[in-house]
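Undergrad: just the structure for this:
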Amino acid sequence: MSSRKVSFMFPHQPTDPETIVPYGRLTEEIGAARLWLGQSLRIESHPAVAYLAGTGCRISIGMAVGLIVLRHPYDAALQARSLARLMRRPVAIGYGAAYPQYVTQLRGEPYAKPAAIVGEFIDVARRLARNEHVRHRGEHFTVDAALPPMDCPPVEIGAGVLRPAMARVTGRCGDLAMTWLTPLKYIEDVVMPAVAQGAAGVQPPPRIVSVVHAAVARPGRSANLLAQYGSISHLSAPHYTDMLRKAGLDVDASDPVSGARELVQAGVYVYGDPDHIAAEIAKYHDLGVDEVVVNPSSVNNMYGQEECMRDLREIFAAVRARGGSDGGVADTRVVVPVG
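TA: Sure, this is the predicted structure:
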């Protein structure tokens, strides 16, 4: 049975490490299970979190979606395990292949088989992070190495999943499968069965982590405009709009404005009072999603940090009032054995 964790997403790519500190403190204040960061190309996410640890704020951290084109799986394991040791708390990281155009800029061509390379990457990285000596000769990576032994809190490594192929690979190779802008029915009918299929005979199905974009309804706010501010790049991406169309939404990458309206109408972008948002979060848990990550980036983008944090405080108060969160996941006593 899944737990009922509720976390939230740091809402931007930092250019000043101090900006992450209030959100780290907020994580503790409101009882969020974890603070998640996306891949930052400004101050990179791993040193940003290390800075937060240096301030004395030690909380459970998640990162998603990290881009495999930026690192080797050995480095991914090293970075994740380092953060777990610095934070003294569990770390969860979901990786992805990145947009084909970006991959082409860095390596000259896109990945021919994105799901295959992500699966290979997370398989190697998660075993290294568990202090295993990995002997792997694959299509994309060759590794015969181990990290130096070190006790640390648990590290989870998985992948962002949109479509069945990536879900199956993650089921076979990952600790977590992370969805983004994904309708509930699609999670139930497509993602979860594919994850279970990949895991069958190999391991228990990885836990499901779902990012849910949300904003509290207030005078002067527009749900449609907020959805645009929070998701315009995803709504312009063919692989996201393909997933949303298969989930029954009328979206097209050429018209992200209409796509944002569809997100609101379908409840994928959750807008309403805090009780309504808490009730929608509960639907994910009831489906079997282990952790819901509230993404307040659209409010931050339009109205700034104060309003963003105000939304988060009210949403988490409503979640607590429903008894719908297991709270934090930290346990400094749990370590990965070095033997």
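Undergrad: contacts and neighbour counts: CA atoms only from here.
TA: OK.
Undergrad: surely R89 is in contact with C57?
TA: No. Taking contacts as C-alpha atoms under 8 Å, R89 lies outside contact range of C57: 10.7 Å.
Undergrad: show me the shaky parts of the stretch 151-300 of the chain.
TA: Counting by pLDDT under 70, not a single residue of the stretch 151-300 of the chain qualifies.
Undergrad: the more surrounded of R89 and C57?
TA: R89 (24 against 18; other C-alpha atoms under 10 Å).
Undergrad: and the gap between the more buried one and V264?
TA: 35 Å (C-alpha to C-alpha, to the nearest Å).
Undergrad: quick one: the strands in the stretch 201-339 of the chain?
TA: 207-216, 270-272, 291-295 (DSSP state E, counting those that start in this stretch).
Undergrad: T19: which of those is closest?
TA: strand 291-295 (16.5 Å; C-alpha to C-alpha).
Undergrad: what's the angle from the closest one to strand 207-216?
TA: 30 degrees (axes from the mean of the first three to the mean of the last three C-alpha atoms, to 10 degrees).
Undergrad: which residues touch strand 291-295?
TA: 3-11, 36, 208-214, 281, 284-285 (C-alpha atoms under 8 Å, 6 or more residues apart in numbering).
Undergrad: direction included, what does that strand pair up with?
TA: Here strand 291-295 is paired, per DSSP bridges, with strand 5-9 (parallel), strand 207-216 (parallel).
Undergrad: nearest to P100, out of those strands?
TA: Across these (criterion: C-alpha to C-alpha), the nearest stretch is strand 207-216, sitting at 22.2 Å.
Undergrad: from the chain's centre, how far out does that closest one sit?
TA: Taking C-alpha atoms, centre = their mean, to the nearest Å, one finds strand 207-216 lying 9 Å from the centre of the chain it belongs to.
Undergrad: give me the distance between the two termini of stretch 56-63.
TA: For stretch 56-63, the first and last residues are 20 Å from each other (C-alpha to C-alpha).
Undergrad: let me see the mean pLDDT of it.
TA: Mean pLDDT, stretch 56-63: 98.
Undergrad: stretch 71-84 too?
TA: Stretch 71-84 comes out at a mean pLDDT of 98.
Undergrad: all helices of the stretch 51-200 of the chain, in order?
TA: 73-87, 100-107, 114-129, 164-173, 184-186, 192-199 (DSSP state H, counting those that start in this stretch).
Undergrad: show me what the nearest residue to A223 once chain neighbours are set aside is bridged to.
TA: The shortest distance from A223 to any non-neighbouring residue, by C-alpha to C-alpha, 6 or more residues apart in numbering, is to Y271 (6.3 Å). Note on Y271: beta-bridge partners A215, judged by DSSP bridges.
Undergrad: ok, G160 next?
TA: Beta-bridge pairing for G160 (DSSP bridges): M178.
Undergrad: hmm, it is touching Y95, no?
TA: Yes. In terms of C-alpha under 8 Å, G160 counts as a neighbour of Y95; the distance is 5.9 Å.
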